[in-house]
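Engineer: Pasting a predicted model and its sequence here:
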Amino acid sequence: MRALEEELCLSALEAAMNDVRRLDTELETAAERARMGRELVYRSSETGEVLDRSAGLAEVRMAERVAQILKDNLEDAQEIVEVRRAEYLASRVERRQAEVLLQSERKREEVELARRLQQGVEDWDRARRIRGTRTHSSASADET
């Protein structure tokens, strides 16, 4: 049961980390769009093309807005990763603690079983000796 819980926590952590990677990639794409927009503005200043300049400025503004939204989302996603990581580590610790407890209980049961077996052997040996003494005593009494 604990192993399943740990797997679920690990899956949630991996999903959150994938979101962070996706947002990082989208942020890089937005930065590239802004760079291309600035390049369009620069080229338009050389050619005098007003539409290219307007398009470049619009591209830069849009890319910067998208980048800001992505940065905010990335911060949230990173916080979620930290929460998921803590949950995963906690479930892992719980599973390991449960395993240690189970191993301790098994070991205790093995020791108890070995003690009972030894007690049984000792009881059997004691009973055998007592029977042997009685048989020997009976045989001695019969001889007299």
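Structural biologist: Ah, there it is.
Engineer: Helix or strand with the lowest mean pLDDT in the protein?
Structural biologist: helix 50-143 (a mean of 90; mean pLDDT, DSSP states H and E).
Engineer: So which other helices or strands are in contact with that one?
Structural biologist: helix 2-47 (3 or more C-beta pairs under 8 Å, 6 or more residues apart in numbering; DSSP states H and E). Any C-beta I mention is one placed from the backbone N, CA and C, and that applies to glycine too.
Engineer: Quick one: mean pLDDT over stretch 30-40.
Structural biologist: Per-residue pLDDT over stretch 30-40 has a mean of 95.
Engineer: which residues are contacting it?
Structural biologist: With contact meaning C-beta atoms under 8 Å, 6 or more residues apart in numbering, stretch 30-40 is reached by 52-53, 55-60, 62-64, 66-67, 70.
Engineer: Only the buried subset of the residues you listed, as a ChimeraX command please.
Structural biologist: Buried subset of these, written as a ChimeraX selection, criterion 16 or more other C-beta atoms under 10 Å:
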select :52,53,56,59,60,63,66,67,70
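Engineer: okay, the contacts of stretch 30-40 in a markdown table with distance to residue 132 next?
Structural biologist: Written out in a markdown table, the entries for the contacts of stretch 30-40 read as follows (distance: C-beta to C-beta, whole Å):
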| residue | distance to residue 132 |
| --- | --- |
| 52 | 114 |
| 53 | 115 |
| 55 | 111 |
| 56 | 110 |
| 57 | 111 |
| 58 | 108 |
| 59 | 105 |
| 60 | 105 |
| 62 | 102 |
| 63 | 100 |
| 64 | 100 |
| 66 | 96 |
| 67 | 95 |
| 70 | 91 |
